[in-house]
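Student: Quick one: sequence and predicted model below, then my questions.
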Amino acid sequence: MGPDDIPLFSMLKNRLGYLTERQKVVAQNVANGDTPGYQPRDLKPFTFQASLDAQTTAAPYRGNGAAPAGRPVQMLATSAGHLAPSKPVSQFRSPQGPDSETTLDGNSVTLEDQMLKMTDARMNYDAAVSFYQRSMSMLRTAARRPNG
């Protein structure tokens, strides 16, 4: 059993991959800051639900009460007093529309916005790496012999 078999590590790996791709996209936007007609691109936000859905389609859960592959994880009400969600959870959506800072040549890359996106991606990447390292350290501690 490797670290990728543990759902937490698999989700962290997915998050790190997403953040790497986002940095590439933002870097491409910055590189094309002077290209006529260039429209900046971005990735859809990384959501916990999307990660859960990927977990259930990639590898079926192997524990008791296994969730069938391909179906999203559903919350389980174990008591009649548990409340169901009143409405579907909305997804974050980036605004679709022309940027107010489009230049005369049609380029709408705003370097300040791109730098904010790059900083956000970098901070999230550092946090995920730190969490990964601490989790690995905890596993090493748990696997160590007592009094050894």
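Tutor: Received the coordinates, thanks.
Student: pLDDT below threshold where in this structure?
Tutor: Scanning the chain for pLDDT under 70 picks out 1, 48, 50-78, 80, 82-100, 148.
Student: any idea which element residue 49 lies in?
Tutor: helix 48-58 (DSSP states H and E).
Student: Flag every buried residue along the longest helix along the chain.
Tutor: In the chain, with assignment by DSSP state H, the single longest helix is helix 111-143. Neighbour-count burial for helix 111-143, counted by 16 or more other C-beta atoms under 10 Å, picks out 113-114, 117-118, 121, 124-125, 128, 132. C-beta: built from backbone N, CA, C; applies to glycine.
Student: Quick one: residues contacting residue 42.
Tutor: 22, 25-26, 29, 94, 117 (C-beta atoms under 8 Å, 6 or more residues apart in numbering).
Student: before we move on, what SS does residue 17 have?
Tutor: helix (DSSP: H, G, I helix; E, B strand; the rest coil).
Student: and the angle for the host helix or strand of residue 11 with helix 111-143?
Tutor: Using DSSP H and E, residue 11 maps to helix 7-31. If you take axes from the mean of the first three to the mean of the last three C-alpha atoms, to 10 degrees, helix 7-31 sits at 160 degrees to helix 111-143.
Student: name the helices or strands packed onto helix 7-31?
Tutor: helix 48-58, helix 111-143 (3 or more C-beta pairs under 8 Å, 6 or more residues apart in numbering; DSSP states H and E).
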